[in-house]
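J.: Quick one: sequence and predicted model below, then my questions.
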Amino acid sequence: MITIKESGIEQYREFFGSYRTAFTDRCAESVARSGRALFAYLDGAAAGYLLTSKDNSTEFLLYAFTLPELRGKGVMQALVREAAETSEGEFGTAFSDGHEFAPELMHIMEKLAFERGRSKYIFRCCGDDLWDRWDSFMEKKGRKSCETLRRQGYSTVTLADASEELLEQYRQTPYNEYANPLNHQHLILPGAEITKDVSVMCTLNGKLAAYVFAYMPDRYSAIFKTLSSSAALQGGAAILLPLCDSFARVRERGCTQFVFSMDGVGDHANSFRNKVLSNVISKTSKRLSYIYPKKEAAL
Amino acid sequence: MNEAFLTKIRENLISHLDIEKEALVGFTDDTIIFNTGDDRPNLGLDSMDALELVTMIFELFGFDVPAEDVKKLYSVNAIAAYLNENGINE
């Protein structure tokens, strides 16, 4: 029989210590700040756990684990069901279709009637020749295009140096899809914050035109979380300028691999992906997201 | 409009923006060059191409097209007319 209990994060270390990774430790730290830890017991013995983080009204499934020898017995499904049904707000999760257990996770989500959210494409950029490929693009077209943008009046500033006025523009902009000022923690890694001196905003005549926000978990890796252009200035490829600036900054720090995500829709986004980002993309996968529908209280 | 001027714009547009020959079937100086997202015939150029077009105009004529004017450059004839308005005609 499977029983689920919510308790402190100590049990994660006590029962599952030998399966700890740097990532699961980060998730556990996040739970300690704002989240829940649920533990599953199969016939009284620890069998698995699930960690969440909370952001405003939404709770996110960060990580779930079942002991290898107990897989296939419904432990994961019981954990996810309990977490979703007892969540106080919306409950959701996202994972890559390239994940080792993606088919099993998709099956569980569908079985528990999670609703499929908008998918995003994840592009992984790595390889010994990563920066050579980028240099080749810059040499051929990128550098001249950036010079043109600068002549047109576009300029860049890092998030670290951005004025309060510019940050306010960002917070209020309708194309800030998260409407959550500079807080994308749950969307990258638990406990992580955007790395402000490699994240770059682009302005035209003092107005926010485009921005690129990145997070560097270590000096070799970068996660380009947000690439966005002002709706009014889409079609001018202004995003190229902060992207080039941000690439130069992560490269300077020793970055040798990075990922970014984009919606698979929109002519401008597709064009930018095909003409610019394709020069550095090594692998493409899809980020699947699921939301558990909150049941309305009975009248 | 000065034919040599139009030819200069047309030929540079085709060579700078790597437009394939098949895309040029039925192409005239009035053909819309950017992807309009509807049924109107167009060359399907995108935002990065627009930026390259502005770069090309700077290199050819030494004139910087302001960001807000890029949408005015929608055909060979429109580019020529725009440049003409700004004192460039050859």
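T.: That came through, no problem.

J.: Okay, now the unreliable bits of chain A?
T.: Across chain A, residues meeting the criterion (pLDDT under 70) sit at A:56, A:174-192, A:231-236, A:263-268, A:295-299.

J.: residue ranges of the helices in it, please?
T.: Along chain A, the segments classed as helices by DSSP state H run A:10-16, A:22-34, A:75-86, A:102-111, A:130-137, A:143-151, A:164-172, A:240-252, A:267-275.

J.: Next, the angle helix A:267-275 makes with the fifth one.
T.: Same thing as helix A:130-137. Between helix A:130-137 and helix A:267-275, the angle comes out at 110 degrees (axes from the mean of the first three to the mean of the last three CA atoms, to 10 degrees).

J.: May I see the buried residues of helix A:130-137?
T.: A:Leu130, A:Trp131, A:Arg133, A:Trp134, A:Phe137 (16 or more other CB atoms under 10 Å in any protein chain shown). (Glycine included, C-beta is placed from N, CA and C.)

J.: For it, which outside residues touch it?
T.: The contact list for helix A:130-137 (CB atoms under 8 Å, 6 or more residues apart in numbering or on different chains) reads A:Gly127, A:Gly142, A:Phe247, A:Arg251, A:Thr256, A:Gln257, A:Val276, A:Asn279, A:Val280, A:Ser282.

J.: Chain B: which of these is nearest?
T.: Of all the contacts of helix A:130-137, chain B sits closest to A:Val276, with 6.6 Å by CB to the nearest CB.

J.: What residue in chain B comes nearest to chain A?
T.: Counting by CB to the nearest CB, chain B gets nearest chain A through B:Asp46, at 3.5 Å.

J.: Isn't that residue up against A:Lys275?
T.: Yes. B:Asp46 lies in contact with A:Lys275 (CB atoms under 8 Å); the separation is 7.1 Å.

J.: Against chain B - does stretch A:215-230 have any residue that ends up touching it?
T.: No. Stretch A:215-230 does not reach chain B (CB under 8 Å from any CB of the partner chain); its nearest approach is 8.9 Å.

J.: Of the buried residues of helix A:130-137, which is the nearest to chain B?
T.: A:Phe137 (11.0 Å).

J.: who in chain B is up against chain A?
T.: Counting by CB under 8 Å from any CB, chain B sits next to chain A at B:35, B:37, B:46-52, B:54-55, B:58, B:64-67, B:70-71.

J.: how close does A:Ser230 sit to chain B?
T.: Separation of A:Ser230 from chain B (CB to the nearest CB, to the nearest Å): 11 Å.

J.: So what's the residue count around that residue?
T.: When neighbours are counted by other CB atoms under 10 Å in any protein chain shown, A:Ser230 registers 21.

J.: what do you get for B:Glu22?
T.: Using other CB under 10 Å: B:Glu22 sits among 6 other residues.

J.: Now do the SS call for it.
T.: Using DSSP: H, G, I helix; E, B strand; the rest coil, the structure places B:Glu22 in helix.

J.: Next one, pLDDT for it please.
T.: Listed pLDDT for B:Glu22 reads 79.

J.: residue in the stretch 151-299 of chain A nearest to chain B?
T.: Counting by CB to the nearest CB, the stretch 151-299 of chain A gets nearest chain B through A:Ser271, at 3.5 Å.

J.: And the closest residue in space to that residue that isn't next to it in sequence, how far from B:Asn2?
T.: Distance criterion CB to CB, 6 or more residues apart in numbering or on different chains; nearest residue to A:Ser271, sequence neighbours excluded, is B:Asp46 at 3.5 Å. Relative to B:Asn2, B:Asp46 is positioned 29 Å away (CB to CB, to the nearest Å).

J.: Same drill for the two, tell me which one is more crowded.
T.: Ranked by neighbour count (other CB under 10 Å), B:Asp46 and B:Asn2 place B:Asp46 first, with 19 against 11.

J.: Is stretch A:145-165 positioned near chain B?
T.: Yes. Judged by CB under 8 Å from any CB, stretch A:145-165 comes into contact with chain B at A:Ser145, A:Glu147, A:Thr148, A:Leu149, A:Arg151, A:Gln152, A:Gly153, A:Tyr154.

J.: could you dump that stretch to CSV, C-alpha only?
T.: Taking C-alpha atoms only, stretch A:145-165 is exported to CSV below (Å, rounded to 0.1, in the frame of the first residue of the first chain):
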residue,chain,number,x,y,z
SER,A,145,23.9,44.4,-38.6
CYS,A,146,24.8,45.4,-35.1
GLU,A,147,26.6,48.5,-36.4
THR,A,148,23.5,49.4,-38.3
LEU,A,149,21.3,49.0,-35.2
ARG,A,150,23.7,51.3,-33.2
ARG,A,151,23.6,53.9,-36.0
GLN,A,152,19.8,53.7,-35.9
GLY,A,153,20.1,54.8,-32.2
TYR,A,154,19.7,51.5,-30.4
SER,A,155,22.0,51.0,-27.4
THR,A,156,22.5,48.4,-24.7
VAL,A,157,22.9,48.4,-21.0
THR,A,158,23.3,45.4,-18.6
LEU,A,159,20.5,44.6,-16.2
ALA,A,160,23.0,45.3,-13.4
ASP,A,161,23.4,48.9,-14.7
ALA,A,162,19.8,49.5,-15.9
SER,A,163,18.2,52.6,-14.5
GLU,A,164,15.1,52.3,-12.3
GLU,A,165,13.1,54.0,-15.1
